[in-house]
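1. need a structure here:
(2 chains)
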There are 2 protein chains.
Amino acid sequence: MRPSKLFGRTLREAPAEAQTTGHRLMLRAAIARPLAAGLYTWLPLGFRVQTKVEQIIREEQDRIGAQEMEMPVLTPAETWKQTGRWDMLEPITFRTTDHNGREFMVSYTHEEFAHLHAMQEIQSYKQLPQIVYHFQSKGRDEARPRAGLLRLREFVMKDAYSFDVDQAGLEKSYAAEYGAYERTFKRMDLDAISVESDTGAMGGDVAHEFQVLTEVGEDRIAICSNCDYRANMEKATRSMQDQRARSDGVPPPSQIATPGTESIDALEAALKQPKNAFLKTLLFRDQSGKVVAVVLPGDRDVNEAKLRKALSTGEVKFASDADFAAAGAVRGYIGPVGLKTRVLVDEGVGGGGYIAGANKKDAHLRDVVLGRDFQGERVDASDVREGDVCPKCKVGKLTIKRGVEVGNIFAYGTYYSEKMRATFVAEDGTQKPFLSGSYGIGVGRAVQTIIETHNDDKGIVWPPQVAPYHVHLIALPVNDDEVRAKAEALVAELEKRDVEVLYDDRDETAGVKFADADLIGIPLRVTVSKRNLKENAVELKRRSASDTEMVPLASAPVRIADIVGSWPR
Amino acid sequence: MRPSKLFGRTLREAPAEAQTTGHRLMLRAAIARPLAAGLYTWLPLGFRVQTKVEQIIREEQDRIGAQEMEMPVLTPAETWKQTGRWDMLEPITFRTTDHNGREFMVSYTHEEFAHLHAMQEIQSYKQLPQIVYHFQSKGRDEARPRAGLLRLREFVMKDAYSFDVDQAGLEKSYAAEYGAYERTFKRMDLDAISVESDTGAMGGDVAHEFQVLTEVGEDRIAICSNCDYRANMEKATRSMQDQRARSDGVPPPSQIATPGTESIDALEAALKQPKNAFLKTLLFRDQSGKVVAVVLPGDRDVNEAKLRKALSTGEVKFASDADFAAAGAVRGYIGPVGLKTRVLVDEGVGGGGYIAGANKKDAHLRDVVLGRDFQGERVDASDVREGDVCPKCKVGKLTIKRGVEVGNIFAYGTYYSEKMRATFVAEDGTQKPFLSGSYGIGVGRAVQTIIETHNDDKGIVWPPQVAPYHVHLIALPVNDDEVRAKAEALVAELEKRDVEVLYDDRDETAGVKFADADLIGIPLRVTVSKRNLKENAVELKRRSASDTEMVPLASAPVRIADIVGSWPR
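-> Reported below is the predicted structural model:
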């Protein structure tokens, strides 16, 4: 390919809206372009990268015996309704209706349809286990698409689905995918760690994310300083061992006047007590409009993912004034005592006396004790934070890092197969539901995460195995007949040896060409110049190194093919 | 791959709703499965076929220098509105609205977006010509999805877009794609002929379809018996040389009583005149609600595609009672004389006197002459039919055949670039609009068309170059240790030689296995049986032939690899 004809031009400056280093470089190097917020086109250079990333994913899926197929983008509402996800996913999905009024979802995952096919194609335990997968475009109505390819409204995901006869089989399939993911990310040169994660709208209990730790990530990961505990903040817990004070001898609640103190911060300042001496009470509405109060220690924040899971809902919103009135609460002075609504109590709330809102304007109660003065369902609904004690080893302290989720795996067992009556004939002749799991990798997000973690101040530094081309060949000056002839002969020689060459034949200065080569970040730069040809040599420079190597023109094809052949695949 | 673990089971009987031979075989052989009307999943066997078909298309696009990219499925309304196609395509497309009220189309073609990218990436004539392409899912709200993969509501299309500096350049790009299409279909063993076609919603004037003539096709193609004229019925014309009678001496119109004769058939019977002695007048409404009358010879049918094009509309419907009243017409007795609406007159209407509706109940007029008694805009709005005279050589007669459109190419010049102000800097320094064309191939339709034209009474007979596997290896009986060991050793030997093997290791009878092999239609069947092993031999049988060949076991890998190597790619 010649840049004079390459569809995609490099930019000296990134558009002002670019949010991260990878986003800026991806735009500047003509990897992808937006059509609208969250909707991107792969330009030819980026398309080559995504093809290589996809091929690595494919090879590792095939290695564990997974079979490639392809399910459609548009999926009928009826099937979603069987599992209740038509409504649950409404806030984050795109829907369409045909001219006869039939509804479809622009699918954002395919569990329901993988199960539909499994029940049609798999009749007997003898055909199990099976894993199928596809690469398909997904729609997701993100309110805030972010940082280029990191959070899109449409993206291609590899999603795999495993079907097993029993829990042991599912665990084996899960382990096989786990191993495939480790190899997949390693081959892309992504340093992904696995962390425990929330199962969200997927159902089930066991799930892992593969996270690449980087400041541009929007996920927060709790990591133990002592053991191997690593969890997404949406799932992370902490040891509560030192949290529970005794309630013995706490006097009954008494009212205190707190005029104009409507927040924990204001209470802390007014009453000279630490934040964790207070109870924070928040009122929410779930997707179906049901109201619930959540009671937390005053120094903790509610974790929305945990709350959604506790409520089995797709969305929670803050309650309205009418909801406050119905619950007998007053904004700024809400507390759990006497509240006329469902109450969830975070596990961080201990057994001692707390100061809490009195549900009257300008008043709080002191000496409020859980179990004595108010009741509630115990849940884990709060964030962990730096310094919390690890829930696993109970020794280490948690630190919080940012990460980009490049993959996720879920073992949800019979969550879908029971709802859909997706069964097979077991060895004992009875109908049994499949035990299943799902395994996803976003292709575009992986590509940009590679850029985020492989760059320098001049541009991208592609790992060779996913680079758009192996060699960036520069002719200087291109309008010198001998230079051009030798350069083109070298390109032909290299292509004969299956070396992928981007040959810069533009009539531009050395400065422009070298800057573009550094920006695009192809692993090996080869310069054929008038000066070097005087010594019958060409110059090689690796993008990842600063030194150069002079090679005789005659042996250049062999030398370059050797370098390319030494790279990991 | 082993059928015992293959995701996809063969069916003894096709579902009753299967409409064509290819549809039935595609379902029975587990190539694809429907999720809903017009929405299909590729099962693993079919996915392998579509991958090979896609790769042939890709290689022929790459050969002419086209660059692969990928544009999204969801496309923003704003851009469609620039060219007026947001409204025009409404009847046949799926739309969605995000939670902020922003509208998107599930794209069914990408001209607008290819132009959007071209104007961003291409600044100078020096960067031209360029062709870009992608494989992407398209949505199309088909009222009547048909015959499996032949007419879907979602399908993957390869669509390419060319950009040139001038008409000569466009013609060169068009010719390059034309050649690529000829090679592409030949490599898939599809006998596709090119025919002139309507440009429909694409704009412009020059377009060709590649049609495979088969009775299952829903397109009708007019083919000249004498010259190379071939055109889709939506575009086909006829020579009018003998159609025009003289109007000299025709008396003025006079009313005749025609009680209860509301159709051409009824008039023919009542007045004992041939159908072409009458004028047929039809009243339509276009997409924007405008009413138009179309006047045709009584023996001709209106051609909706031609009419839509004449009206520049996306849809025409029959007019309402109110429309009849407003036009001063009476149903069953409508005629062009005195009609109060826009009138289109088909080119088939000659200069002589006709019998036409009188716009009064139970009355017609005789001696109605175009240009004297009524006026109208001349258009071509009628179907050709068998026996019409060829419009090109004016000698041959047209015959009408059915065909499946497997590809189409359009040269529309500046149709989009002018509307979108998509320009480049020309050699003379001025801004000029791109001259462009579009080039599409539907992957799934191509696969099913291959099945429609490559089968026998036992099943599919894949052309080797697109077959899901090269070899279908059968072990008989599989529970014989020696047979299984030898069969598995042969599979390993073959896979080492890059021969793709479907190894039937199921514990089934020879009859079941041979029937499945014939149904799935892999080009070479290899049988390792107890009987043949007594003579240290294996049996080879080509799916396309009836004879078998016995080969020594020891030399079988080499012999089989030789056969596979001899096939076209």
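2. Heading C-terminal from the host helix or strand of residue A:155, find the next helix or strand.
-> If you go by DSSP states H and E, residue A:155 is part of strand A:154-164. The element immediately downstream of strand A:154-164 (helix or strand, assigned by DSSP H and E) is helix A:167-187.
3. What are the boundaries of the strands in the stretch 51-200 of chain A?
-> Per DSSP state E, counting those that start in this stretch, the stretch 51-200 of chain A has strands spanning A:67-68, A:74-76, A:94-97, A:103-106, A:130-139, A:154-164, A:192-196. These are given in chain order.
4. Verify the stated contact: residue A:49 with residue A:462.
-> Yes - using Cβ atoms under 8 Å as the test, residue A:49 is close enough to residue A:462 to be in contact (7.4 Å). Glycine gets a C-beta too; all of them are placed from N, C-alpha and C.
5. Overlap of the contact sets of those two?
-> Contact with both residue A:49 and residue A:462 is made by residues A:450, A:468, according to Cβ atoms under 8 Å, 6 or more residues apart in numbering or on different chains.
6. Which of the residues in stretch A:531-541 are classified as buried?
-> A:532, A:533, A:537, A:538, A:539, A:540, A:541 (16 or more other Cβ atoms under 10 Å in any protein chain shown).
7. So which of those residues sit within strands?
-> Of the buried residues of stretch A:531-541, the ones assigned to strands by DSSP state E are A:537, A:538, A:539, A:540, A:541.
8. where does the second one land on pLDDT?
-> It refers to residue A:538. At residue A:538 the predicted local confidence, pLDDT, stands at 97.
9. Enumerate every residue touching it.
-> By Cβ under 8 Å, 6+ apart, the neighbours of residue A:538 are A:490, A:526, A:527, A:528, A:532, A:550, A:551, A:553, A:556.
10. on that earlier part again, could the buried residues of stretch A:531-541 be laid out in TSV, adding distance to residue A:234?
-> As requested, the buried residues of stretch A:531-541 are exported to TSV (distance: Cβ to Cβ, whole Å):
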residue	distance to residue A:234
A:532	56
A:533	60
A:537	57
A:538	53
A:539	51
A:540	47
A:541	44
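11. returning to that earlier point: the strand holding residue A:155 to strand A:130-139, inter-axis angle?
-> Using axes from the mean of the first three to the mean of the last three Cα atoms, to 10 degrees, the inter-axis angle of strand A:154-164 relative to strand A:130-139 is 160 degrees.
12. sorry, back to before: so which of the strands of the stretch 51-200 of chain A is the most surrounded?
-> Neighbour counts averaged per stretch over those are highest for strand A:154-164, at a mean of 25; criterion: mean count of other Cβ atoms under 10 Å in any protein chain shown.
13. can you list the strands of the stretch 51-200 of chain A in a markdown table and add mean pLDDT and distance to chain B?
-> Listed next are the strands of the stretch 51-200 of chain A as a markdown table, based on pLDDT from 0 to 100; distance: least, Cβ to the nearest Cβ, whole Å:
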| stretch | mean pLDDT | distance to chain B |
| --- | --- | --- |
| strand A:67-68 | 98 | 4 |
| strand A:74-76 | 97 | 4 |
| strand A:94-97 | 97 | 4 |
| strand A:103-106 | 97 | 6 |
| strand A:130-139 | 97 | 5 |
| strand A:154-164 | 97 | 5 |
| strand A:192-196 | 92 | 24 |
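14. For those strands, give me CSV that also has distance to residue B:327.
-> Written out in CSV, the entries for the strands of the stretch 51-200 of chain A read as follows (distance: least, Cβ to Cβ, whole Å):
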stretch, distance to residue B:327
strand A:67-68, 59
strand A:74-76, 41
strand A:94-97, 34
strand A:103-106, 39
strand A:130-139, 46
strand A:154-164, 47
strand A:192-196, 70
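15. Tell me how far residue A:347 lies from residue A:399.
-> Going from residue A:347 to residue A:399 by Cβ to Cβ, to the nearest Å gives 21 Å.
16. More neighbours: which of the two?
-> Residue environment comparison for residue A:347 versus residue A:399 gives the larger neighbour count to residue A:347, 17 against 14, counting by other Cβ atoms under 10 Å in any protein chain shown.
17. Could you find the closest non-adjacent residue to that one?
-> Using Cβ to Cβ, 6 or more residues apart in numbering or on different chains and skipping residues adjacent in sequence, the residue nearest residue A:347 is residue A:380, 5.0 Å away.
18. Leaving aside the residues adjacent along the chain, what's closest to the residue nearest to the spatial centre of chain A?
-> Centroid-nearest residue in chain A: residue A:405, 3.0 Å away (criterion: Cα atoms, centre = their mean). For residue A:405, the nearest residue in space outside its immediate sequence neighbours is residue A:209; the separation is 4.8 Å by Cβ to Cβ, 6+ apart.
19. Just confirm that neighbour contacts residue A:194, I think it does.
-> Yes - the criterion here is Cβ under 8 Å, and residue A:209 meets it with residue A:194 at 7.1 Å.
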